[in-house]
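Visitor: Below: sequence and its predicted model.
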Amino acid sequence: MTVELDSTIGRMIRRRGAYANSSTKFKVGSCIGALLVLLAAGNQLFGSAGEVDIASKRLPPLTDGHLLGTDHLGRDLLSRLLASMGWSFSIALLAAVISLTIGTTVGVLAASSTKIGRTILTRYIDLSISFPELILAVTIIAVIGRGFLPLTLTLGFVSWPHLARVVYAQTLGLWTREFVLAAKLSGVRPMRIILSHILPGLRNTLLVMFAFIFADLLVAESGLSFLGIGALLGDPSLGNMLADGRRFIFSSSLLMLLPCIAVILAVTSANLIGDGLSSRSKNATR
Amino acid sequence: MSVEGVEVKGRVVLEIKDLRVTFPLGSDDQPVEILRGVSLQLCEGGVLGLVGESGSGKSMLVLSILGLLPGRGRISKGSILLDGEDLCTVSAPRLRDIRGGSIGTIFQDPMTSLNPVRRIGSLLVETLRRHGSIDRKRAKAAALEALREVGVPSPQERIRAYPHELSGGLRQRVVIAHALLNEPRVILADEPTTALDTTTQLQILSLLKMRVKNASVLFITHDLGVASELCDDIAVLYAGRVVERGPTMQVLENPRHPYTAGLIAAMPHFMRKREPLKVILGEPMRLNGVVTGCAFATRCERALAKCQTEDPFLQSADGLVHVACWNQLETK
Amino acid sequence: MKSDEVILSAKNISVTFPVAGRQLVAVDGVSLEVREGETVALVGESGSGKSTTALALIRAIPIDSGELRFLGQDITNLREKDLFSARRQMQMVFQDPYSSLDPRMTVQEIITEPLRAHGMQEIAEQRVSELLAAVGLSPDHSSRKPDQFSGGQRQRIAIARALALRPRLIIADEPVSALDVSIQAQIVNLLQDVQREFRMSYLIIAHDLGLVNHIADRVIVMYLGRIVEEGTADQITWEPKHPYTVSLLSASPGDAHLRKNRIILGGEPPSPIDRPSGCPFHPRCPIAQERCVTETPKLLEIESGRKVACHFSGVMDPPLVEIQSYS
């Protein structure tokens, strides 16, 4: 019998302290995130991707109605930046959804199945993790081609194993919880237990993981496109912008600086949201 | 120490006067009082049992004495006098000297109070050397002796063991040896037997009874039965306040505060068979704001109109017994 | 209300776990019966195997050998889907109501979960309000989540869930030991009230002999995976025969006025990893002889319903004296 009988006050204090900290992180992260998403979405709906106009290339900011100037093809830099943010965020978001779906399914199934099923699935997860993600991604893209959809599918497909492993461990833990045992002893069927106890129990973890995976995939997308193996040449992508701007890093540094800042802001915001969520959920379960 | 009816108290070693501790736990971080004016006296060689349920603030009292209040807890009023020295105002280095020096502590779970990556011996030697000028060799001999005295079998081997290699009872013996090392004036024992099995609990209680002769003990527990085994005096804590205090046998046989009486009646007893247990209604007090009147009034069967509005204070009921209640039980 | 109908009977049940390549015997040939309307208590310290026994009896863990019958049906080796109908008749209450209730469900969902599993949705709504009333909670609690309740209230919810299917048997593992002292009595009374109301049998796992004496009809004392003594609650309390029971009684705190003598056992409760030879209790036993080191005593029935496993049963004096009136 190891029950801490006088932990009531201690628990209140801990919850209070950690909550204040985590909620600040979460708030700051969501504010930045919301701003970025609003800008990108607004431009997607009302703005343009910027018309090519070779005559007015690389204009400095605040000339001819171009707030941030133009790029090396004379496209409005602000429109281009917002369009790229929309494009890159969408890929990262959709790929994260794919990753989350596959990872959760595999992880939960592995932890919930019989000994043989468990062995096969965990071995499969281990094998997938041991294979370098980048090489796998490059190989898949080489086969199915570049562009929005192939990139989304590729990134989603290469990133799930890590998530599956986390989900697997957490699900195993949930299966040993007493409330799950109580359900089992009441005759509740395994599928029902997964739906009503396991998945809700994983929710916080999945939200946190989602934020972190989004950040990872955004970087991955930009990286691949920067190397020229992600987005197609004309696609508005933060990685493409970086690649294009690289040549003018000294003459028109905004061309490279702005997409850089966009990536950094987006990744920071996702990480802050993830951190905030994770310490909040840790406190809730204590 | 006390003999029924006659005051033969020794010198006061630890005196807590009207201690109030607040935490910013209310809405908008309003300070909430966790300890609401606790006054206790610990006499030389005496064992005082502090009995309370979860949320009564008994662990917070221990942490206040040690100067280890967590978070943004503050001692807002009162004093803690150890041999006349106020622990609320001493410097941090002096307080570190006192912890492990004049005050030894025994916590509930020895697994968390012993550093898991250090051998028992190195822990004991370190404490000995930090609080006194003693060379390593003599310190080691003293550590061995300390282990032997608390009944650790084959201390020569055990001194090289890590905490996880010992059983729960042995670990708690090591913690007791550690607490006794520097011949402390006061030992704070916070639920030292709660995590142990019944037979091991008895071993540890009788060890404490035998070994702790020179120090005074503040023994914190939720179990009146355990308290009665060891303690000369008992103080019952409810919602951050002492509601009854007096010699153990007098309090147990003749409880005057309805809460104390309720706790005693609620224990499943070898005698009372089959009939339903007497219960204290409601739930233990949650401190989350200003308390008007007696904190126990909402659960009390004897509550008067006065109890809802006026906070009772601890007053002498009969010689050594002090009670904070407007409508105390008659003595039998 | 009590009848002689045996609803749960275990014969020679053993449970082993593989630990570091060896088979660790946690429960070693336990036989017991629970009759209709009766409360049986299983008492022991950590490592005695009492909780493992409870989990085996409710078929939460596999049984290695022996026979387990519930309501006349042999359920020793039934697969989960064949156990379905038996599950309806036996429920469990856990020690810690902070971990036995899903923090993400409402009280309503928690209590109706067993009903939904057994296709009884139609009556769920009505039964929730009945059950909440039976365990002393108000109907408007049903939409709240567990974190809004105190430990005692949570245990009430757990009891309501166990009652939902109107089981014949409830196995409760230390149902009050995680609760505050003032709340323990409330829950003990509640358990007794609902037993009367719903006519069930209890198998209660406990370590507190005072509680056991209060709540149980029969008591079974376990040590290191074996039953060492069995008898009515009064027999165990006032005429214990096994030296371990005697020591356990004598170690229970408080009650100084009842105590005649006190035995402080040496050593600690052993773990099943290094099991002593002969009688498992002999290294700590105050009256152990040479015979105890070599020969394991059998659990013998000395009179009807009274069993002891000791070569020198009844040699030690009972540690408590019966006082009829207590002021």
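Guide: Arrived safely, thanks for sending.

Visitor: The spatially most central residue of chain A: which element?
Guide: The residue lying closest to the centre of chain A (CA atoms, centre = their mean) is residue A:214, at 0.7 Å. Using DSSP states H and E, residue A:214 sits within helix A:199-226.

Visitor: Please see if that helix touches chain C.
Guide: Yes. If you take CB under 8 Å from any CB of the partner chain as the test, helix A:199-226 does meet chain C, through A:200-201, A:203. In this view, the C-beta of every residue, glycine as well, is placed from N, C-alpha and C.

Visitor: Pull out the buried members of these.
Guide: Among these, those buried by neighbour count (16 or more other CB atoms under 10 Å in any protein chain shown) are residue A:201.

Visitor: wait, which of the residues of helix A:199-226 next to chain C is closest to residue B:316?
Guide: Nearest to residue B:316 among the residues of helix A:199-226 next to chain C: residue A:201, at 55.2 Å, using CB to CB.

Visitor: ok, the closest residue to that closest one other than its chain neighbours to chain B distance?
Guide: Of all residues not flanking residue A:201 in the chain, residue A:174 sits nearest, at 4.7 Å (CB to CB, 6 or more residues apart in numbering or on different chains). Between residue A:174 and chain B the distance, using CB to the nearest CB, to the nearest Å, works out to 25 Å.

Visitor: now stretch C:26-39: how far from the chain's centre is it?
Guide: Relative to the centre of its chain, stretch C:26-39 is centred 9 Å away, using CA atoms, centre = their mean, to the nearest Å.

Visitor: do stretch B:11-23 as well
Guide: Put simply, stretch B:11-23 sits 13 Å off its chain's centre (CA atoms, centre = their mean).

Visitor: Alpha carbons of stretch A:30-48, in CSV - could you do that?
Guide: The C-alpha trace of stretch A:30-48 is given here as CSV (Å, rounded to 0.1, in the frame of the first residue of the first chain):
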residue,chain,number,x,y,z
SER,A,30,-1.3,29.7,-31.0
CYS,A,31,-1.2,33.5,-31.6
ILE,A,32,1.8,33.2,-34.0
GLY,A,33,0.3,30.1,-35.6
ALA,A,34,-3.1,31.7,-36.1
LEU,A,35,-1.6,34.8,-37.6
LEU,A,36,0.5,32.8,-40.1
VAL,A,37,-2.5,30.6,-41.0
LEU,A,38,-4.8,33.6,-41.4
LEU,A,39,-2.3,35.4,-43.6
ALA,A,40,-1.7,32.4,-45.8
ALA,A,41,-5.4,31.5,-46.0
GLY,A,42,-6.4,35.1,-46.7
ASN,A,43,-4.0,35.3,-49.6
GLN,A,44,-5.2,32.0,-50.9
LEU,A,45,-8.8,33.3,-51.0
PHE,A,46,-8.3,37.0,-52.0
GLY,A,47,-4.8,37.5,-53.2
SER,A,48,-2.7,36.2,-56.0
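
Visitor: buried residues in that stretch?
Guide: Here stretch A:30-48 shows A:32-33, A:36-37, A:39-40, A:43-44, A:47 as buried, counting by 16+ other CB under 10 Å.

Visitor: do the same with stretch C:30-39
Guide: C:30-39.

Visitor: Kindly report the same for stretch C:204-223.
Guide: In stretch C:204-223, counting by 16+ other CB under 10 Å, buried: C:204-223.

Visitor: quick one: the strands in chain C?
Guide: For chain C, the strands defined by DSSP state E occupy C:6-19, C:22-35, C:39-43, C:65-70, C:73-74, C:90-93, C:169-173, C:201-206, C:218-223, C:226-232, C:300-303, C:306-308.

Visitor: which stretches of the stretch 151-286 of chain A have low pLDDT?
Guide: Low-confidence segments of the stretch 151-286 of chain A, defined by pLDDT under 70: A:282-286.
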